[in-house]
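**Q** Need a 3D model of the following:
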Amino acid sequence: MLEELPLNEKNLERRLSDASVSSNAIVGDSVARTEEHSRSHRKATGTGSIIAADSNDAPPTQDRTEVLRNRRLLASGIDRIRAKTLDAHGFRRLQDLVKGNQDIWGTDGERFGELLLALLDYLEAPNEALKVPAGKAPNLKVQVLATIRAMLALYRKETAVYYSRALCAILQTKSHYDSTSHIATDLENTADEIVRYGQTSDCLNAVLDLVESSAPAFASSTPTTPSPPPADASTPAPAPVPNRTTTMSLHVLAQLLQVAATKNAAITSVQTQRLGRLAVRFLDDTDPDVRKADLDFCIALHERIGGEKDVFWKAVAGAREQHLNLITYFLARRGKA
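**A** Residues are numbered from 1 along each chain as shown. Sure, this is the predicted structure:
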């Protein structure tokens, strides 16, 4: 009769259960998939919303418990991405959360933007800055790209304001990987997705800003003049935009111009001047891949703004005669094809 009664046993178990879902629980935590009746939330499609379809369609109690758990997992994941400590399993778990069609994004979806921006910062970070073994860094960035693509595909309305930021992050990341790297294809596919669905004018301006700000000699009135050497060996000259980023940027600009033609999107006079100046700048580049990408860009620019008014030739008027002749040759070849 004096034996201790287990009155607080259930409360103790509940506290232990809650404590087990900590900020580190995103790795290795086995969480059940969303139940069938979670479909009361808006279906995640290309135009889906991160906000629940109807506040009156509240999920059952057990689903609500899972939603709250997944919100904590999402917050933990964002923190660990910012700290550069999330592993591959954690990224895959995040992908499940993104695709899970649950109300996990908080009021007005603020967690959505936090997650996407954290992923983009992680993507841009040098491999040496990631707190993982060096050999695992590229594979983790592939997981980052997979998560970003899931967000782009399932929530286009919410990601629309981040398209230009995401595109620049991809271009910056390309500087760390050559075309033979397995991550290069993922970067290109993600960029293609953004170019297809992003706001063309905003993306054009963002890429132009990236290239212009990264190439000190670009703004010079004589763009083909090399930058002066540093004062001494201990003071390196400002690093130009890496050739891999430049090459991919030119390809992306050519794609954007093609999409602009398809959408009948206007190219402003200021954009035309900037595009022409950029084309002239890289016709003299020492890297053959950059020069080839620039010629392809020139062809795309001519197709978009050329025509009877000779707008294209005015835009590239600063090019040397041999370069103008080269552009004319490739335009003639294209016309015969």
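
**Q** Can you pull the phi and psi angles for residue 155?
**A** The phi/psi pair for residue 155 (degrees, to the nearest 10) reads phi -130, psi 60.

**Q** for residue 157, same thing?
**A** phi -60, psi -40.

**Q** pLDDT score assigned to it?
**A** On pLDDT, residue 157 comes in at 90.

**Q** residues near it, how many?
**A** 12 (other CB atoms under 10 Å). C-betas here are computed from N, CA, C, even on glycine.

**Q** where does it sit relative to residue 142, distance-wise?
**A** 26 Å (CB to CB, to the nearest Å).

**Q** where are the low-confidence patches of the stretch 201-337 of the chain?
**A** Scanning the stretch 201-337 of the chain for pLDDT under 70 picks out the ranges 215-241, 307-309, 336-337.

**Q** Would you map the helices across it?
**A** 243-263, 269-282, 288-305, 311-315, 321-336 (DSSP state H, counting those that start in this stretch).

**Q** CA atoms only for the longest one, dumped as PDB, please.
**A** By that I understand helix 243-263. Provided in PDB are the C-alpha atoms of helix 243-263 (Å, rounded to 0.1, in the frame of the first residue of the first chain):
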ATOM      1  CA  ASN A 243      36.600  32.500 -66.200                       C
ATOM      2  CA  ARG A 244      34.200  29.800 -65.400                       C
ATOM      3  CA  THR A 245      31.700  32.300 -64.000                       C
ATOM      4  CA  THR A 246      32.200  34.600 -66.900                       C
ATOM      5  CA  THR A 247      31.700  31.800 -69.500                       C
ATOM      6  CA  MET A 248      28.500  30.600 -67.800                       C
ATOM      7  CA  SER A 249      27.300  34.200 -67.300                       C
ATOM      8  CA  LEU A 250      27.600  34.800 -71.100                       C
ATOM      9  CA  HIS A 251      25.700  31.600 -71.800                       C
ATOM     10  CA  VAL A 252      22.900  32.600 -69.300                       C
ATOM     11  CA  LEU A 253      22.700  36.100 -70.900                       C
ATOM     12  CA  ALA A 254      22.300  34.500 -74.300                       C
ATOM     13  CA  GLN A 255      19.500  32.300 -72.900                       C
ATOM     14  CA  LEU A 256      17.800  35.200 -71.300                       C
ATOM     15  CA  LEU A 257      17.800  37.100 -74.600                       C
ATOM     16  CA  GLN A 258      16.200  34.100 -76.300                       C
ATOM     17  CA  VAL A 259      13.600  33.900 -73.600                       C
ATOM     18  CA  ALA A 260      13.000  37.600 -73.900                       C
ATOM     19  CA  ALA A 261      12.300  37.200 -77.600                       C
ATOM     20  CA  THR A 262       9.900  34.300 -76.900                       C
ATOM     21  CA  LYS A 263       8.000  36.300 -74.200                       C
END
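
**Q** okay, the helices of the stretch 201-337 of the chain in a markdown table with distance to residue 200 and mean neighbour count next?
**A** Conversion of the helices of the stretch 201-337 of the chain to a markdown table gives the following (distance: least, CB to CB, whole Å; neighbours: other CB atoms under 10 Å):
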| stretch | distance to residue 200 | mean neighbour count |
| --- | --- | --- |
| helix 243-263 | 5 | 21 |
| helix 269-282 | 10 | 19 |
| helix 288-305 | 11 | 20 |
| helix 311-315 | 18 | 18 |
| helix 321-336 | 23 | 12 |
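
**Q** and of the ones you listed, who's closest to residue 164?
**A** helix 243-263 (10.7 Å; CB to CB).

**Q** before we move on, back to that, can I get the helices of the stretch 201-337 of the chain in a markdown table including distance to residue 89?
**A** Converted to a markdown table, the helices of the stretch 201-337 of the chain look like this (distance: least, CB to CB, whole Å):
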| stretch | distance to residue 89 |
| --- | --- |
| helix 243-263 | 30 |
| helix 269-282 | 42 |
| helix 288-305 | 37 |
| helix 311-315 | 51 |
| helix 321-336 | 49 |
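
**Q** between the ones you listed, which one is nearest to residue 137?
**A** Closest among these, using CB to CB: helix 243-263, at 16.8 Å.

**Q** what about residue 196, how many neighbours?
**A** 11.

**Q** what do you get for residue 96?
**A** Neighbour tally, residue 96, other CB under 10 Å: 14.

**Q** Which of the residues in whichever strand or helix holds it are classified as buried?
**A** Following DSSP states H and E, one finds residue 96 within helix 88-99. Within helix 88-99, the residues scored as buried using 16 or more other CB atoms under 10 Å are 90-91, 93-95, 97-98.

**Q** Repeat that for stretch 192-199.
**A** 193-195, 198.

**Q** what about the strands in the stretch 51-200 of the chain?
**A** Secondary structure of the stretch 51-200 of the chain by DSSP state E, counting those that start in this stretch: no strands are present.

**Q** which regions of it sit below the pLDDT cut-off?
**A** 51-62.

**Q** Give me the distance between the closest residue to residue 311 other than its chain neighbours and residue 179.
**A** Of all residues not flanking residue 311 in the chain, residue 305 sits nearest, at 4.7 Å (CB to CB, 6 or more residues apart in numbering). Noted for residue 305: a distance of 29 Å to residue 179, by CB to CB.

**Q** Perfect, that will be all.
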